[in-house]
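[1] Okay, sequence plus prediction incoming.
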Amino acid sequence: MFRNFALIFFLLIPFSASALEAFVCEPEWGSLLTELAGEQAEITVATTAFQDPHSLQARPSLIAAVRRADLVVCTGADLEIGWLPLLLRRAGNPKVQPGNPGYFLAADHVRRLEIPKTVDRSQGDVHAQGNPHIHLHPRNIERVARALGKRLAEIDPANAAVFQSRLADFEQRWANAQREWEEKARPLSGLRFVAHRPSFSYLADWLELEIVATLEAKPGVPPSGAQLASLLEQLSANPPVAVIRTPYENEKPSRWLAEHLEVVGIELPFTIGGTEQAVDLFSLYDETIRLLLEAQE
Amino acid sequence: MKMKNVLFVLLTLFLPVAASAQQSADEVAELRKMLQEMREEYESRISDLEERLSQAERTAQEARRDAEEAVELAEETAIEQSAGASGANTFNPAIGAVLVGGYSNVDEGWEAIPGFQPAGEIGTGDEGFSIGEAEINFKANIDSMFYGNLTVAVAEEDGEAEVEWEEAWIQTTALPQGLSVTAGRFFSSAGYLNSFHFHADDFVDRPLPYQAFLGGRYSNDGIQARWVAPTALLVELGAELNWGDHFPATSEHEDSPDAYTLFGKFGGDVGDSHSWQAGLSYISADAEERSGGEDSVDTFSGDSDLAIADFVWKWAPKGNPNQRNLKLQGEYFWRSEDGTFAGLDYDEDQSGWYVQGVWQFMHAWRVGLRHDRVDADSGPLFVGTELEDPGRSSHRESAMLDWSPSEFSRIRLQYNRDRVRRETDDQWFLQYIFSIGAHGGHQF
């Protein structure tokens, strides 16, 4: 009995306040923050690669994590609109409220694709601010890294020099890696793919892949049997190289279509943790390109 | 003669050779000179060309840098422009409306639970088709310190549209150390279900203990202070003061609040797939001539103390609820009222509880089961009044099936096996819930 009380008491003790506590909405920003802040940051990541960042709930553990945070790093562009505002209101933490240095949205720092001319819920889960899945274009990562590096220095000026040098180091390695990826991915240029949802638009933009169709005619609305059949008919004359999806999207429709088109269906890691090999931003890109090349062979 | 001739011949043969040898030497020298000149000329030309080449390279590099900068600038401009917005309606709050209505088939409805003073407008509702309640919500940050929320509910009562202030509150956003204060009319944080709007419920109607003890929902006209601890587990503690007259409270004293609430909420995750929340709440009200509605004759005066324990467990494979997920919840209510009812001394306890589970078995489709019951316990003195002990508990079993093509629409079919009255009543409900406008929050 006493042991139980001791355990509960232990769980209630505030975390050590020495490191910068960060709350991160998606794994890719967790990895970026680790690159830029290293040991200086203690990071809580709200989602895994297997969770759809659109549909998360403001669950208790996340409220507690936002309460402790010095910095919140999220994608923005309305990706987390269903749960981040609730977390911020419940947590009672002024440091991370919108407008304060502790509130950082990655999508504010890049050029967003697919900004709709008109928005209406009849179009499905459309994002008025453009496609929020920005992290599969290396240039976006570079831009977000620069902005985040600046922000870190603002929040924790004592470690500004550390953040500065880590950023410079990251930028160097990232630029080198980007050259290698572009070299390796050259055979992918112009290839045709079908995606479950517009989750890979930035990747396609970068590597010049052609996303010829998405399974969901309207984002967030699962495809019906009839829709799939008509897609099959439409694509069978000139089938794509592969049908690609994220780990959190339903595998059934993309598997069905891939089988009937006699092409491969690939689950790309999409973010860190999506496959065993994708452990950070670098290996995420390595894996993504490796899997796409494999499909092309 | 012969020799001379020979010499002559030889001379004539060799002279031109000797002369041409002299000539050749001159030509070689000249050629060498020319070569030297050419080399010098070419060298100077080559170095000139080299100079021009490196110049061109420098220019190209500069041009590339300029181009990169131009692209950068263009991109930054594009980002800034896409991020910015202006216009007269830029600062409009998030506006949303929820339309709820449906059809109900009820044989013998009820408006009060036997043994309980009716806690406001409760019961099985109107038979047939009804447009129910429309709710209009406005919310936005007021400034850097406050957040505001206004919800107006419109319902038809006796042929006339009635507008009710469902919520009208402001909340601090800038208090330090996990503190926040809410003031105005707001849903109490007591219990689990209480802070949800009706349209977010998993069943058409609120569980019986909510109807019996809180009239469906407990609202405060007053102030709430909350504190979230800086811990790994969620620990949230709070207190509320209520000047309003929502059941079980009355508002007889204008200077001091007649009711207060204390609550604590705790929650966390177990792995990626499970999360839970548990809560304990206590509502204390000092009631003064509390009536059970327009048709009631008897009133209660005295202390009303209500304790609620609640628990919610949610599961989704790898924490991804899109295809399948399970939600189990239960709450236990215990109330003690001590005072006078209909002029008689009254000191009794009541209790109630419900458990329910909702299973999403495929995208958009959910089934749910619920059991809810309340037990009144009044002495023989109260026979013939609202508090007359029915000698049994009021309980129901409910089953529902709902379909949500998106998170903004839901159509639900529900069956209740209702044992609130002595006779069992089979009830069917078909309900629609549609939200338009701003995206609502995914409250846990």
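    Yep, that arrived. Since the structure is predicted, the reported quantities are computational estimates derived from the model, not experimental observations.
[2] B:Ala399 bridge partners, please.
    B:Leu369, B:Tyr415 (DSSP bridges).
[3] how much space between it and chain A?
    Relative to chain A, B:Ala399 is positioned 24 Å away (C-beta to the nearest C-beta, to the nearest Å). Placement of C-beta: from N, CA and C, glycine included.
[4] Count the residues that sit near that residue.
    Residue neighbour count, defined by other C-beta atoms under 10 Å in any protein chain shown, stands at 14 for B:Ala399.
[5] do the same with B:Ala259
    With other C-beta under 10 Å as criterion, B:Ala259 counts 27.
[6] wouldn't it be in contact with B:Arg290 here?
    No: using C-beta atoms under 8 Å as the test, B:Ala259 is too far from B:Arg290 to be in contact (11.2 Å).
[7] shared neighbours, these two?
    B:Pro248 (C-beta atoms under 8 Å, 6 or more residues apart in numbering or on different chains).
[8] Write down the beta-bridge partners of the residue nearest to B:Gly357 when sequence neighbours are not counted, one by one.
    For B:Gly357, ignoring the flanking residues on the chain, the nearest one in space by C-beta to C-beta, 6 or more residues apart in numbering or on different chains is B:Leu328 at 4.8 Å. Applying DSSP bridges to B:Leu328 yields these beta-bridge partners: B:Trp313, B:Gly357.
[9] Now do the same contact list for B:Leu328.
    B:312-314, B:355-357.
[10] Test of understanding: give the bridge partners of whichever residue of chain B sits closest to chain A.
    Among the residues of chain B, B:Gly267 lies closest to chain A, at 2.5 Å counting by C-beta to the nearest C-beta. Counting by DSSP bridges, B:Gly267 is bridged to B:Leu234, B:Gln277.
[11] Residue ranges in chain B under the pLDDT threshold?
    Scanning chain B for pLDDT under 70 picks out the ranges B:1-21, B:79-87.
[12] Enumerate the residues of the stretch 201-350 of chain B near chain A.
    B:226-236, B:265-269, B:272, B:275-277, B:314, B:318-323 (C-beta under 8 Å from any C-beta of the partner chain).
[13] Which helix or strand lies directly C-terminal to the one helix or strand A:Arg166 maps to?
    Applying DSSP states H and E as the criterion places A:Arg166 in helix A:160-184. Helices and strands here follow DSSP H and E; after helix A:160-184, the next one along the chain is strand A:192-195.
[14] Whether whichever helix or strand comes after that following strand contacts chain B - can you check?
    Moving toward the C-terminus from strand A:192-195, the next helix or strand (DSSP H and E) is helix A:201-207. No: Helix A:201-207 does not reach chain B (C-beta under 8 Å from any C-beta); its nearest approach is 13.0 Å.
[15] CA atoms only for helix A:201-207 - export them in PDB, please.
    Extracted C-alpha coordinates of helix A:201-207, given in PDB (Å, rounded to 0.1, in the frame of the first residue of the first chain):
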ATOM      1  CA  SER A 201       2.100  16.700 -52.300                       C
ATOM      2  CA  TYR A 202       5.400  18.400 -51.100                       C
ATOM      3  CA  LEU A 203       7.400  15.200 -51.800                       C
ATOM      4  CA  ALA A 204       5.900  15.000 -55.300                       C
ATOM      5  CA  ASP A 205       6.700  18.700 -55.800                       C
ATOM      6  CA  TRP A 206      10.300  18.200 -54.800                       C
ATOM      7  CA  LEU A 207      11.000  14.900 -56.700                       C
END
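[16] which strands and helices sit next to it?
    If you count contacts as 3 or more C-beta pairs under 8 Å, 6 or more residues apart in numbering or on different chains; DSSP states H and E, helix A:201-207 packs onto helix A:138-155, strand A:210-214, helix A:281-296.
[17] Out of those, the one nearest B:Val420 is which?
    Minimum separation from B:Val420 across the helices and strands packed on helix A:201-207 (C-beta to C-beta) falls at strand A:210-214, 50.3 Å.
[18] Each with direction, which strands does that closest one pair with?
    strand A:192-195 (parallel).
[19] mind checking how far the partner strand is from the chain centre?
    19 Å (C-alpha atoms, centre = their mean, to the nearest Å).
[20] Let me know the pLDDT of the residue of the stretch 1-150 of chain A found nearest chain B.
    Closest contact between the stretch 1-150 of chain A and chain B, by C-beta to the nearest C-beta, is at A:Pro60 (2.5 Å). Per-residue pLDDT puts A:Pro60 at 97.
[21] which residue sits closest to it in space, ignoring its chain neighbours?
    A:Pro60's closest residue in space is B:Gly267 (C-beta to C-beta, 6+ apart), at 2.5 Å.
[22] helix or strand right after the worst-scoring helix or strand of chain A on mean pLDDT?
    Sorting the helices and strands of chain A by mean pLDDT, DSSP states H and E puts helix A:2-12 at the bottom, at a mean of 49. Proceeding C-terminally, helix A:2-12 gives way to strand A:20-24 as the next helix or strand, assigned by DSSP H and E.
[23] returning to that earlier point: of the residues of the stretch 201-350 of chain B next to chain A, keep whichever come out buried.
    Among these, the ones that count as buried by 16 or more other C-beta atoms under 10 Å in any protein chain shown are B:226-232, B:234-236, B:265-269, B:275-277, B:314, B:319-323.
[24] how close does the nearest residue to A:Leu152 once chain neighbours are set aside sit to chain B?
    Leaving out its chain neighbours, the residue that sits closest to A:Leu152 by C-beta to C-beta, 6+ apart is A:Phe163, at 4.5 Å. A:Phe163 sits 22 Å away from chain B, going by C-beta to the nearest C-beta.
[25] how about residue 174, what does it touch?
    Chain wasn't specified; assuming chain A. A:138, A:141-142, A:145, A:281.
[26] um, chain B though
    B:Ala174 makes contacts with A:94, A:97, B:144-145, as judged by C-beta under 8 Å, 6+ apart.
[27] Any of these buried? List them.
    A:94, A:97.
[28] Can I get the contacts of B:Ala174 in JSON lines including secondary structure?
    Below are these laid out as JSON lines (DSSP: H, G, I helix; E, B strand; the rest coil):
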{"residue": "A:Pro94", "secondary structure": "helix"}
{"residue": "A:Gln97", "secondary structure": "coil"}
{"residue": "B:Ser144", "secondary structure": "coil"}
{"residue": "B:Met145", "secondary structure": "coil"}
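[29] B:Met38: which of the contacts of B:Ala174 is nearest?
    Among those, and counting by C-beta to C-beta, the member closest to B:Met38 is A:Gln97, at 79.3 Å.
[30] wait, that closest one sits on A:Leu87?
    No: using C-beta under 8 Å, A:Gln97 is not in contact with A:Leu87; the gap is 11.1 Å.
[31] remind me which residues of chain A are low pLDDT?
    For chain A, the ranges with pLDDT under 70 are A:1-18.
[32] Break it into its domains for me.
    A:15-107+A:117-179, A:185-296 (automatic domain parsing).
[33] What residue, apart from its backbone neighbours, is nearest B:His439 spatially?
    A:Ile81 (5.0 Å).
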